[in-house]
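>>> the sequence and its predicted three-dimensional model are supplied below.
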Amino acid sequence: MAFVYILESLSSHQYYIGCTNDIERRINEHNNGLSKYTKNRGPWILKYKEEFDNLRKARLRERQIKSWKKRAAIEKLFGPIV
């Protein structure tokens with residue numbers, strides 16, 4: 001089991017897109033400053049997740065979402081920030 005996830009920073013409203021096999025552990029790492037990119041940019045909340053059979057499929061989807069670049073394309077997955 002693996003996941004692609006999108007987090008939103010409550011302080012900067014930036015998105016972070018990642019993949020993992022343990023989503024709760026990974027969100028805790030982001031919120032506790034254990035991830036280089038998300039450190040000092042939190043707190044982070046889960047905005048979206050997709051489940052996959054394996055990590056390889058999740059990484060492919062992560063790359064696809066990251067390739068979109070535009071915020072509007074990403075927000076179509078879960079809706080805009082209100």
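Here it is on my side, so go on.
>>> show me what counts as buried in the biggest helix by length in the chain.
Using DSSP state H, we find that the single longest helix of the chain is helix 55-68. By neighbour count on 16 or more other C-beta atoms under 10 Å, the buried set for helix 55-68 is 58, 61-62, 65. The way it works is simple: take the backbone N, C-alpha and C, and place the C-beta from them, glycine included.
>>> for stretch 19-36, same thing?
If you call a residue buried by 16+ other C-beta under 10 Å, then stretch 19-36 has these buried ones: 19-20, 23, 26-27, 29-30, 35.
>>> can you tell me which of those are in strands?
For the buried residues of stretch 19-36, the ones inside strands are 19-20, with DSSP state E as the criterion.
>>> and of the buried residues of stretch 19-36, the nearest to residue 69?
Closest approach between these and residue 69, by C-beta to C-beta: residue 19, at 17.8 Å.
>>> list the contacts of residue 35.
For residue 35, the contact set (C-beta atoms under 8 Å, 6 or more residues apart in numbering) comprises residue 29.
>>> residues making contact with stretch 64-73?
The contact list for stretch 64-73 (C-beta under 8 Å, 6+ apart) reads 4, 6, 15, 17, 74, 77, 80.
>>> which members of those residues are classed as buried?
4, 6, 15, 17, 74.
>>> let's have those in JSON lines, adding pLDDT and distance to residue 45.
Rendered in JSON lines, the data for those read as follows (pLDDT from 0 to 100; distance: C-beta to C-beta, whole Å):
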{"residue": "4", "pLDDT": "98", "distance to residue 45": "16"}
{"residue": "6", "pLDDT": "97", "distance to residue 45": "10"}
{"residue": "15", "pLDDT": "94", "distance to residue 45": "11"}
{"residue": "17", "pLDDT": "97", "distance to residue 45": "14"}
{"residue": "74", "pLDDT": "91", "distance to residue 45": "15"}
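>>> of the residues you listed, which belong to helices?
Counting by DSSP H, the part of the buried ones among the contacts of stretch 64-73 found in helices is residue 74.
>>> of the buried ones among the contacts of stretch 64-73, just say which sits nearest to residue 48.
Within those, the smallest distance to residue 48 is 4.2 Å, found for residue 6 (C-beta to C-beta).
>>> pretty sure that closest one sits against residue 14.
No - Residue 6 is not in contact with residue 14 according to C-beta atoms under 8 Å; the separation is 10.7 Å.
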